[in-house]
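K.L.:
Quick one, fold the following:
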Amino acid sequence: MKTKPTKKKLKIAIQGLEASFHEVAARNYFQQAIQPVECLTFHALCESLKSGEADFAVMAIENSIAGSILPNYFLLQQYHFSIVGELYLPIHMHLLTLPGVKLTDIKTIESHPMALRQCTEFIHTLNGIEIRESDDTALSAKRVKTLKLKHTAAIANELAAKKYGLQILEKRIETHKKNFTRFLVLTRKSESNDKANKASLSFEVANEVGSLADALMTFKLNHINLLKIQSVPVIGKPSEYRIHVDVEWKRRKQYDDAMKQVLRQVKNLNVLGEYKKAKIEYN
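P.N.:
Model prediction:
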């Protein structure tokens with residue numbers, strides 16, 4: 001009797017270690033068994049995808065509290081990956097310590113800079129605490145466990161607490177409870193998607209009065225909803241910017257018509273990806 005061949009696990013590049021928010025996002029998006037490829041930096045994540053070590057990469061691009069992750073916009077420009085999907089992940093931050101540690105025992109709090117920014121109100125309630133930045137939330141949790149740091153707490157998620165056997169000393173310490181991070185799903189080659197109703201674009205405009213406004217008005221006149229606009233400096237060109245926009249549409253023809261017009265209004269238009277818009281679901 002023949003056994004069915006085992007389905008090959010997708011290799012997904014994530015920023016951070018297993019049990020990081022990036023791993024949670026990857027598992028939620030793909031809804032199947034995956035093999036996380038751990039990368040301590042976003043640059044390493046991009047290199048992992050570029051080299052073929054990973055099939056996809058999941059990369060955070062913005063947070064509802066901390067804002068856009070600007071360095072990642074530069075990476076999108078540099079590597080020319082294709083965005084094939086997105087995910088909005090509710091972010092719940094917890095203060096993790098070794099079992100038995102009390103709040104009064106803590107002298108240092110460690111986590112990723114973005115996580116620390118999302119918990120500023122809680123951190124400000126504590127006196128005399130040293131704040132230490134790390135490369136990853138899960139890495140901070142692992143350090144507390146492996147080094148048996150009795151006077152250090154990590155800010156990370158519940159999965160990290162379970163994986164490293166830490167206690168959740170304080171739950172939900174994020175400043176705003178409706179806190180989410182948007183993640184992009186990246187591949188090396190562009191893929192067509194019949195269900196696409198959202199696109200991420202980047203372009204440059206002439207340094208003239210109204211040039212950007214004219215391009216944005218084109219989207220409006222074609223009934224295209226502008227969801228996000230982000231300007232990023234063009235390296236080596238002072239006072240020049242590359243404009244990143246996210247747009248959505250109800251009818252594909254409206255988007256196609258708008259793109260034909262925008263092509264004549266801007267310079268170096270790049271379609272970073274066309275994909276299905278994700279839902280934001282709080283819990």
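K.L.:
For the rest of this, base every contact and every neighbour count on C-alpha atoms.
P.N.:
Fine.
K.L.:
Contact partners for residue 275?
P.N.:
Shown in contact with residue 275 (Cα atoms under 8 Å, 6 or more residues apart in numbering): 83-86, 193, 195-199.
K.L.:
In strands only, show me these.
P.N.:
Among the contacts of residue 275, the residues falling in strands (DSSP state E) are 83-86, 198-199.
K.L.:
and which of the residues you listed is nearest to residue 180?
P.N.:
residue 86 (12.6 Å; Cα to Cα).
K.L.:
What is the neighbour count of residue 234?
P.N.:
When neighbours are counted by other Cα atoms under 10 Å, residue 234 registers 14.
K.L.:
ok, now which ones touch the residue nearest the centre of the chain?
P.N.:
In the chain, the centroid-proximal residue (Cα atoms, centre = their mean) is residue 60; its distance is 0.9 Å. By Cα under 8 Å, 6+ apart, the contact set of residue 60 is 22, 69, 72, 181-184.
K.L.:
Can you say which of those are buried?
P.N.:
If you count burial by 16 or more other Cα atoms under 10 Å, the buried members of the contacts of residue 60 come out as 22, 72, 181-184.
K.L.:
for those, which one is nearest residue 226?
P.N.:
Nearest member of those to residue 226, counting by Cα to Cα, is residue 182, at 16.6 Å.
K.L.:
Report the mean per-residue pLDDT for the helix or strand harbouring the closest one.
P.N.:
Using DSSP states H and E, residue 182 falls within strand 180-187. Strand 180-187 carries an average pLDDT of 97.
K.L.:
Parallel or antiparallel, which strands does it pair with?
P.N.:
Note on strand 180-187: by DSSP bridges, its sheet partners are strand 56-63 (antiparallel), strand 82-90 (antiparallel).
K.L.:
got a list of contacts for it?
P.N.:
Residues contacting strand 180-187 (Cα under 8 Å, 6+ apart): 25, 49, 55-65, 81-91.
K.L.:
What of stretch 139-152?
P.N.:
16-17, 96-98, 101, 105-112, 134, 153-156, 160-161, 164-166.
K.L.:
Mind doing that once more with 7 Å?
P.N.:
Identification of contacts with stretch 139-152 by Cα atoms under 7 Å, 6 or more residues apart in numbering yields 17, 97-98, 101, 105-111, 134, 153-154, 156, 160, 164.
K.L.:
Please identify the buried residues of it?
P.N.:
For stretch 139-152, by 16+ other Cα under 10 Å, it's 139-145, 149-152.
K.L.:
Looking at those, which are in strands?
P.N.:
In strands, judged by DSSP E, the following of the buried residues of stretch 139-152 are found: residue 152.
K.L.:
before we move on, back to that, could you dump the strands paired with strand 180-187 to CSV with mean pLDDT and distance to residue 219?
P.N.:
Shown next, in CSV, are the strands paired with strand 180-187 (pLDDT from 0 to 100; distance: least, Cα to Cα, whole Å):
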stretch, mean pLDDT, distance to residue 219
strand 56-63, 97, 23
strand 82-90, 97, 20
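K.L.:
can you list those in TSV and add distance to residue 223?
P.N.:
Output for those, formatted as TSV (distance: least, Cα to Cα, whole Å):
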stretch	distance to residue 223
strand 56-63	25
strand 82-90	22
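K.L.:
quick one: which of those strands is nearest residue 173?
P.N.:
Closest among the strands paired with strand 180-187, once you apply Cα to Cα, is strand 82-90, at 13.3 Å.
K.L.:
residues making contact with stretch 236-247?
P.N.:
For stretch 236-247, using Cα under 7 Å, 6+ apart, the contacting residues are 198-204, 224-234.
K.L.:
Sounds good, over and out.
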